[in-house]
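Visitor: give me a 3D structure for the following:
(one chain, ligands or ions: 1)
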Amino acid sequence: MSRHLLDIAQLERRTLDYLLDRGEYWLDPAHAEVGRTRLIGRGVALLFYENSTRTRCSFELAARRLGADVLNLDIEHSAVEKGESIVDTGTTLAAMGISHFVIRHGSEGVPAELASALPSGSSVLNAGEAHVAHPTQALLDALTLRRSFGQLEGLRIAIIGDIRHSRVAASAISIFRRLGVGEIRLAGPRPLLPDNTPEGTQMSDRRDEALAEVDVVMALRIQRERMARTTTPDPEDYREHWGLEEADLARLAPEARLMHPGPVNRGVEISDELADGPRSLIREQVRNGVAMRMAVLEWLDEENRNGQ
Ligand code: CP
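Guide: A predicted model of the protein is given here:
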């Protein structure tokens, strides 16, 4: 039996709290030295079938900072291009001694399929699955908010934009609900909203209502790669009606903070002034991602060694 991180919903509240505490621990530079011995002799493979900067680089840094051997599979020049399946790729790497498989894929169910095929003691870490799940993004977002506000309980959070195609939104809603966020408001242009309102949220296409008095606004990227051509919004039209700009600050709570998972379409989803301004948590999100991924790798490694 192996532990994996496939979806944030699989984690109990006490595990979420433990992981957030460990993320906090690894943010402290005083713990850098002890980190280097944690995963010595363990292999971490990065299997990115979709593009990534933040997630791939932060998993790579996290694994290296824990002392692991890191294998960054260049998908385009691998046997995948000759038709090798993901399962065969995974079991081949497992035979070379890889223990942890970080995977991003555009099709739903692929991380679970890989997990079911790997030998006992291996772990799969979902680094972004279609529109479905991005669990480590949810953890780093929760850590960022906990550091900024002290706790998530009672916060009012608006998630704005392309909710329909966003795995970031799906995982954020899940973690925010379990960490006691007071209100989760979803808003975006009608074609970019899901057919049904996710449980525990309020959803509308009225932007200003969604922003009123919130403590946090999370702007989302327009996920063009997951859209039919007919639903792709015009960037200028989107900016005018949905882009976050300086004037929006007056609608929010006085100490409100702004988030975006990246990559940011500047001047469309959020203005330069806001993205780079004092209310922005975007840089902290990226910084916290490395520590949070160290925490997740360390946890899965311990769980799977103890389960052997
Ligand atoms: N937030 C996020 O997943 O960014 P990348 O696509 O750069 O990994």
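Visitor: please count neighbours and contacts with C-alpha atoms only from this point.
Guide: Will do.
Visitor: ranges for the helices of the chain?
Guide: All helices of the chain, identified by DSSP state H, fall at 13-27, 32-35, 54-65, 86-95, 110-117, 135-149, 167-178, 207-211, 235-242, 272-275, 282-306.
Visitor: ok, now which ones touch the spatially most central residue of the chain?
Guide: Centroid-nearest residue in the chain, with Cα atoms, centre = their mean: Gln137, separated by 1.7 Å. Gln137 sits next to Val168, Ser171, Ala172, Pro261, Gly289 when contact means Cα atoms under 8 Å, 6 or more residues apart in numbering.
Visitor: restrict these to contacts with the ligand.
Guide: Filtering those for proximity to the ligand by Cα under 6 Å from any ligand atom leaves Pro261.
Visitor: from the contacts of Gln137, which is closest to Gly23?
Guide: For the contacts of Gln137, the residue nearest Gly23 by Cα to Cα is Gly289; the value is 8.6 Å.
Visitor: how many residues are close by the closest one?
Guide: Each residue near Gly289 was counted by other Cα atoms under 10 Å, and the total is 29.
Visitor: neighbours of Ala130, how many?
Guide: Neighbour tally, Ala130, other Cα under 10 Å: 18.
Visitor: which residues touch it?
Guide: His105, Gly106, Ser107, Glu108, Arg167.
Visitor: now rank those residues by neighbours and give me the top one.
Guide: Highest neighbour count within the contacts of Ala130, by other Cα under 10 Å: Arg167, with 21 neighbours.
Visitor: can you pull the contacts of that one?
Guide: Gly128, Glu129, Ala130, His131, Val132, Ala133, His134.
Visitor: can you put these in TSV and add pLDDT?
Guide: Output for the contacts of Arg167, formatted as TSV (pLDDT from 0 to 100):
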residue	pLDDT
Gly128	98
Glu129	98
Ala130	96
His131	95
Val132	97
Ala133	98
His134	98
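Visitor: for those residues, pick the one with the most neighbours.
Guide: Highest count within the contacts of Arg167 by other Cα under 10 Å belongs to Gly128, 30 neighbours.
Visitor: write out the residues of this protein neighbouring the ligand.
Guide: Ser52, Thr53, Arg54, Thr55, Arg56, Pro261, Gly262, Pro263.
Visitor: gap between Arg239 and Glu245?
Guide: 9 Å (Cα to Cα, to the nearest Å).
Visitor: next one: Met294 from Trp242, what distance?
Guide: From Met294 to Trp242 the distance is 35 Å (Cα to Cα).
Visitor: who's more crowded, the two?
Guide: Met294 (28 against 23).
Visitor: does the more buried one touch Leu66 like I think?
Guide: Yes. Counting by Cα atoms under 8 Å, Leu66 is a contact partner of Met294 at 7.0 Å.
Visitor: so what's the residue in the stretch 151-300 of the chain positioned nearest to the ligand up against?
Guide: Proximity of the stretch 151-300 of the chain to the ligand (Cα to the nearest ligand atom) peaks at Pro261, 4.3 Å away. Counting by Cα under 8 Å, 6+ apart, Pro261 touches Gln137, Val168, Ala219, Leu220, Arg221, Ile282, Gln285.
Visitor: Thr197 too?
Guide: Contacts for Thr197 were tallied using Cα under 8 Å, 6+ apart; they are Met203.
Visitor: Val70 now?
Guide: For Val70, the contacting residues are Gly43, Val44, Ala45, Leu46, Glu60, Ala63, Arg64, by Cα under 8 Å, 6+ apart.
Visitor: which ones are touching the closest residue to it other than its chain neighbours?
Guide: Nearest residue to Val70 in three dimensions, chain neighbours excluded: Val44, at 4.9 Å (Cα to Cα, 6 or more residues apart in numbering). The contact partners of Val44, by Cα under 8 Å, 6+ apart, come to Ala63, Ala68, Asp69, Val70, Leu71, Ile98, Ser99, His100, Phe101, Val102.
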